[in-house]
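[1] From the sequence below, what's the structure:
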Amino acid sequence: MFPTAHDFDSDEPDAADGDLGDDEELSYERLLWQLLLLINPGDEEAAREQFHAWQEMQPDGVQDEADALAALRQAIDWKAGFLVEADDAAGFIECLDELAARFGLQLDWNEADEAPEENDVASLIGRAHDQLREHGYTLWTWSVHGAPREDVFAGWITLRSEGEALEIVAPSLGIELRPGSAF
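    Presented below is the predicted three-dimensional model:
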């Protein structure tokens, strides 16, 4: 049902054989690991590094969901995700270009990168989403339950085929998720 990592280190969530039966309750750490695999398609080593960075920011384990998600944002920023101010079109373009390059893709911003101040991040999200879909990927945005902020955008890219898995894992972590096509 969910992708699993091979050869887990002792510091990573127990994955046994990856069989996540319907009745099995998943730990927050295990769900987070699944999320990291989804947002780092084909790059388990990057997921592992981000997981370890997140763990270092949670020395006593998950105490508070908001803190855990803030640590996630920090662990993945510019590696597997983005967090930009709503008026920072140039920063969004730069970060998305870097994230897309991980998959060998180059986004066409239709001159938006030459005059980013004339564009808003929301419209750029929609433009990037459409282009990524053509190559089998989906651009997602997310916010934390109870704390939506309209002045920032956060998100990541997944394989298009992993959308259903992401829509199961993300809400289980307290993440409000929506595709870039919603912009």
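[2] What average pLDDT does stretch 154-162 get?
    In this model, stretch 154-162 carries a mean pLDDT of 97.
[3] Can you dump the C-alpha atoms of it in PDB for me?
    These are the backbone C-alpha positions of stretch 154-162, laid out as PDB (Å, rounded to 0.1, in the frame of the first residue of the first chain):
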ATOM      1  CA  ALA A 154       4.800  25.600   1.600                       C
ATOM      2  CA  GLY A 155       4.800  22.500  -0.600                       C
ATOM      3  CA  TRP A 156       6.600  19.700  -2.400                       C
ATOM      4  CA  ILE A 157       6.700  17.600  -5.500                       C
ATOM      5  CA  THR A 158       5.700  13.900  -5.700                       C
ATOM      6  CA  LEU A 159       5.200  11.400  -8.400                       C
ATOM      7  CA  ARG A 160       1.700  11.800  -9.900                       C
ATOM      8  CA  SER A 161       1.100   8.100  -9.300                       C
ATOM      9  CA  GLU A 162       1.700   8.600  -5.500                       C
END
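[4] List the buried residues of the helix or strand of the chain with the lowest mean pLDDT.
    Sorting the helices and strands of the chain by mean pLDDT, DSSP states H and E puts strand 137-144 at the bottom, at a mean of 90. Residues of strand 137-144 classed as buried: Y137, T138, L139, W140, T141, W142, S143, V144 (neighbour count, 16 or more other CB atoms under 10 Å). Yep, even glycine has a C-beta here, placed from its N, CA and C like the rest.
[5] Can you add distance to V152 and give those residues back as TSV?
    Output for the buried residues of strand 137-144, formatted as TSV (distance: CB to CB, whole Å):
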residue	distance to V152
Y137	22
T138	20
L139	16
W140	15
T141	10
W142	11
S143	9
V144	11
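[6] now for the residues you listed, which pair is the farthest apart?
    Y137 and V144 (23.5 Å; CB to CB).
[7] Low-confidence stretches in the chain?
    1-26, 112-117, 144-149 (pLDDT under 70).
[8] center of it, which residue is that?
    W156 (3.6 Å; CA atoms, centre = their mean).
[9] OK, contacts around that residue?
    I39, I76, A80, G81, F82, L99, L139, W140, W142 (CB atoms under 8 Å, 6 or more residues apart in numbering).
[10] On the three-state scheme, it is what?
    Assigned by DSSP: H, G, I helix; E, B strand; the rest coil, the conformation of W156 is strand.
[11] With G61 as the reference, measure out to it.
    24 Å (CB to CB, to the nearest Å).
[12] Repeat that for D120.
    Taking CB to CB, one finds D120 at 39 Å from G61.
[13] the more surrounded of the two?
    D120 (15 against 10; other CB atoms under 10 Å).
[14] closest to P171 among the buried residues of strand 137-144?
    W142 (10.0 Å).
[15] Who does the closest one form a beta bridge with?
    Beta bridges link W142 to L177, judged by DSSP bridges.
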